[in-house]
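1. just to be clear, the model below is a prediction. Sequence and coordinates:
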Amino acid sequence: MFIAMNRFKVVRGAEAAFEQVWTSRDTHLREVAGFIAFHLLRGPERDDHVLYASHTLWRGKADFEAWTQSEAFRLAHRDAGQNRPLYLGHPEFEGFEVIQEIAA
């Protein structure tokens with residue numbers, strides 16, 4: 001498995017707008033081979049921002065990489081530039097290969 005995460009520093013006061021953008025958009029993920037799950041995470045609050053992360057679980061790294069080259073990816077991200085005022089800096093990508101999983 002592979003976990004793809006983007007971390008966002010969301011400007012204080014823009015949290016509701018950021019969450020609305022993410023929860024109302026069509027991600028186009030359900031039809032992508034290898035996609036398992038998506039989570040939008042809200043993290044700690046700082047003086048100037050709130051940390052958020054998008055967390056996507058994939059069958060494997062190759063499936064994630066194929067998604068980034070797909071039409072579904074382009075459709076899901078086509079309006080992303082309009083949301084730049086909500087962020088401090090650029091999102092930070094982190095990719096992880098799952099070494100161990102313990103499930104309930």
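-> That came in fine, so what should we check first? Numbering: from 1, shown residues only.
2. ranges for the strands of this protein?
-> 2-11, 35-45, 49-58, 92-97 (DSSP state E).
3. other SSEs contacting the last one?
-> With contacts defined as 3 or more C-beta pairs under 8 Å, 6 or more residues apart in numbering; DSSP states H and E, strand 92-97 has these neighbours: strand 2-11, helix 61-68. C-betas here are computed from N, CA, C, even on glycine.
4. again, only using 6 Å
-> strand 2-11 (3 or more C-beta pairs under 6 Å, 6 or more residues apart in numbering; DSSP states H and E).
5. show me what counts as buried in the helix or strand bottoming out on mean pLDDT in the chain.
-> For the chain, counting by mean pLDDT, DSSP states H and E, helix 71-77 ranks last in confidence among helices and strands (a mean of 82). By neighbour count on 16 or more other C-beta atoms under 10 Å, the buried set for helix 71-77 is Ala72, Phe73, Ala76.
6. one step back: now render the strands of the chain as CSV, adding mean pLDDT.
-> Output for the strands of the chain, formatted as CSV (pLDDT from 0 to 100):
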stretch, mean pLDDT
strand 2-11, 97
strand 35-45, 97
strand 49-58, 97
strand 92-97, 97
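7. wait, which of those strands is closest to Glu19?
-> Proximity of the strands of the chain to Glu19 was assessed by C-beta to C-beta; the nearest stretch is strand 35-45, lying at 7.4 Å.
8. sheet-wise, list the partners of that closest one with their directions.
-> Applying DSSP bridges, strand 35-45 is found paired with strand 49-58 (antiparallel).
9. much appreciated, bye for now.
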